[in-house]
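> how would this look folded up:
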Amino acid sequence: MIGIASRVAEYGGTVAGVLALLVFGFLDASEVQSFTFDLLAITVRFAFVEAMSAAAVFTGFLALTGLLLVREVWTSRDSRESVTDGPKLTAIVPVYRDHDVMDVSVESLCESAYENLEVAVVAELNDEATLERARELAAEHDRVTCLINGEPGSKAGAINDAVRESESDHFAVFDADEWIAPEFLPTAMGELRDGADVFQGRRVPRPTGVVETVAYCERIVFHASYKLVELAGFTNCRSSSTAFTREALERVDGYDDVLTEDLDFAHACYREGLEVRQARQCTNTMEAPHAWGDLWGQRKRWRVGQVEVLHATLVDLLRGRVGYRGAISIGRMCSSLGGCLLTLALVSKLLFLFVLDVESAILIPSLALVATVGLVAARDYRDGRIDGLSWSVALAPLCFPAFGVLTLRSFLEYGLSWDGSWYHVEKTGS
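Numbers count the residues shown, from 1 in each chain. Okay, here's the model as predicted:
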């Protein structure tokens, strides 16, 4: 009965919250703003509804962040030092129920241009099919070794355990379904040997269909939204398409066993003051969810994990364990989650203008977003990362209201019913 009551509260709270934000935005949209200028004997007064300024700010935000992302993606990789040989580098691939897809990451890593490379596939003892395939790959390739996770049931534990068991001082982490470009590891090692503690590349879903294209567009929307935060000194680093030194991992006490260990790692690196370098022109690809339910479930898992990390960091703050960089880290998480919620109010303001026959309020920002997706996709297509996009690229603007609903639902689930479990997306190897 408690589970049913929690679910009813979650769905009811989500509906009520969405309606409240939409109503708030619609009512606020009609507020009249005015500016008066005195020009000698003439007084000029401009008056407009608040929705107009909101639409202008939103359009400017999309245009600026989109241009910053496009500029970074199109920057030549030749501007970064590439090292093809040097200290031993261990590429870690944690796997669980991935026997059908793990060939993608392992085979692509074996084709890496970095010479002194070991590929450590970390499997779970109770996952016989994946463990068997990992051992087969280790027998087929000299670079590949198969390890048993010493901290079973945890991706974070698998990474930490592999680092402890390795003699390397340089590591990279990838997901089982991830295709890694041959030049990625040489670029990553060039950055690490140049003084970086952590190197982060870009990873995008492979847009092989309607749902997959929406997933690709959603990642571009998020990558663009990070740009302003990065200008303030916060650089995201994850647990995929990521390279780091042993010293860096030890300074943050390894990856934590949380739902989104990658987000937690990014904030831990920031709080510790590590030098994180990022290059989105260094692009790998991953398998996208193939069904709407999988796409929603995966994104909700990530958002619930974001709430979990925020909660844990707030607890540390109350216990006096967080310094000024920790406070900035909390502000970053709050702004991200709060901004997603406010997208619902923004949507209602744009609809208010649409009702007033100001169609450009929706058309212009939508075109700005689709243009960003198109320019980034053009680079990915040119580099052979994708084969093209489906017509569902036109649905990209709907990501914003979806972010709001998703965030609200995740807050309620985390507070009412989440038991630590997480949604597992079915993968086919496509």
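> With only the CA atoms kept, save the longest strand anywhere in the chain in CSV.
Longest strand in the chain, counting residues (DSSP state E): strand 276-286. Below are the C-alpha coordinates for strand 276-286, written out as CSV (Å, rounded to 0.1, in the frame of the first residue of the first chain):
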residue,chain,number,x,y,z
VAL,A,276,40.1,19.3,-16.1
ARG,A,277,40.5,19.9,-19.9
GLN,A,278,37.8,19.2,-22.4
ALA,A,279,37.8,18.8,-26.1
ARG,A,280,34.4,18.3,-27.8
GLN,A,281,36.0,17.9,-31.2
CYS,A,282,37.3,14.6,-29.9
THR,A,283,34.1,12.6,-30.3
ASN,A,284,33.1,9.0,-29.5
THR,A,285,29.7,7.5,-30.0
MET,A,286,27.4,5.3,-27.8
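> helices or strands up against that strand?
helix 50-74, helix 184-193, strand 198-205, helix 261-272 (3 or more Cβ pairs under 8 Å, 6 or more residues apart in numbering; DSSP states H and E). Quick note: C-beta positions are derived from backbone N, CA and C, even for glycine.
> closest to residue 162 out of the ones you listed?
helix 261-272 (13.7 Å; Cβ to Cβ).
> how near is the closest residue to residue 206 other than its chain neighbours to residue 258?
Sequence neighbours aside, residue 285 is the residue nearest to residue 206 in space, at 4.9 Å (criterion: Cβ to Cβ, 6 or more residues apart in numbering). Distance, residue 285 to residue 258, using Cβ to Cβ, to the nearest Å: 26 Å.
> now residue 7
Distance, residue 7 to residue 258, using Cβ to Cβ: 23 Å.
> So for the two, which residue has more residues nearby?
More neighbours surround residue 258 than the other of residue 7 and residue 258, with 18 against 14 (other Cβ atoms under 10 Å).
> Which of the helices or strands spans the more buried one?
Here residue 258, judged by DSSP states H and E, is contained in no helix and no strand.
> can I assume residue 287 is in contact with residue 428?
Yes: at 7.3 Å, residue 287 counts as touching residue 428 under the criterion of Cβ atoms under 8 Å.
> residues bridging contact with these two, i.e. touching both?
residue 101 (Cβ atoms under 8 Å, 6 or more residues apart in numbering).
> Looking at these two, which is more packed in?
Taking neighbours as other Cβ under 10 Å, residue 287 and residue 428 compare with residue 287 leading, 23 against 9.
> Adding distance to residue 348, mean pLDDT and mean neighbour count, write the helices and strands packed on strand 276-286 out as CSV.
Shown next, in CSV, are the helices and strands packed on strand 276-286 (distance: least, Cβ to Cβ, whole Å; pLDDT from 0 to 100; neighbours: other Cβ atoms under 10 Å):
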stretch, distance to residue 348, mean pLDDT, mean neighbour count
helix 50-74, 9, 93, 18
helix 184-193, 42, 96, 24
strand 198-205, 29, 96, 25
helix 261-272, 29, 93, 22
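> List the buried residues of whichever strand or helix holds residue 337.
Secondary structure assigned from DSSP H and E places residue 337 in helix 324-355. For helix 324-355, a neighbour-count test (16 or more other Cβ atoms under 10 Å) marks 326, 328-330, 332-333, 336-337, 339-353 as buried.
> Quick one: work out the angle between that helix and helix 50-74.
On the basis of axes from the mean of the first three to the mean of the last three Cα atoms, to 10 degrees, helix 324-355 is oriented at 120 degrees to helix 50-74.
> on that earlier part again, which one of the helices and strands packed on strand 276-286 lies nearest to residue 403?
helix 50-74 (13.2 Å).
> counting contacts, what elements does that closest one pack onto?
Against helix 50-74 (3+ Cβ pairs under 8 Å, 6+ apart) you get helix 2-29, strand 32-39, helix 210-231, strand 276-286, helix 324-355, helix 360-382.
> right, so of the ones you listed, which gets closest to residue 155?
Closest among the helices and strands packed on helix 50-74, once you apply Cβ to Cβ, is strand 276-286, at 14.3 Å.
> Residue 386 versus residue 213, what's the distance?
Going from residue 213 to residue 386 by Cβ to Cβ gives 9 Å.
> next one: residue 89
Counting by Cβ to Cβ, the gap from residue 89 to residue 386 is 27 Å.
> picking up where we left off before, determine the angle, from 0 to 180 degrees, between the helix holding residue 337 and helix 261-272.
Using the same axes, to 10 degrees: helix 324-355 against helix 261-272 is 120 degrees.
> For stretch 240-247, which outside residues touch it?
By Cβ under 8 Å, 6+ apart, the list of residues contacting stretch 240-247 from outside reads 89, 163, 168-175, 178, 180, 184-185, 188-189, 191-192, 197-203, 237, 262, 282, 284, 286.
> Neighbours of residue 394, how many?
Residues near residue 394, counting by other Cβ under 10 Å, number 15.
> contacting residues around it?
Taking Cβ under 8 Å, 6+ apart as the criterion, residue 394 is in contact with residue 370.
> Next one: it from residue 213, what distance?
Going from residue 394 to residue 213 by Cβ to Cβ gives 10 Å.
> and if you look at residue 82?
Counting by Cβ to Cβ, the gap from residue 82 to residue 213 is 31 Å.
> more neighbours, those two?
Comparing residue 82 with residue 213 by other Cβ under 10 Å, the one with more neighbours is residue 213, at 26 against 17.
> show me the contacts for the more buried one.
Residue 213 makes contact with 207, 389-390, 392-393, according to Cβ under 8 Å, 6+ apart.
> What subset of those residues is buried?
The neighbour count (16+ other Cβ under 10 Å) marks 207, 389-390, 392-393 as buried among the contacts of residue 213.
> Among these, which lie within strands?
Using DSSP E, none of those sit in strands.
> Closest one to residue 225 out of the residues you listed, please.
Closest approach between the buried ones among the contacts of residue 213 and residue 225, by Cβ to Cβ: residue 393, at 17.8 Å.
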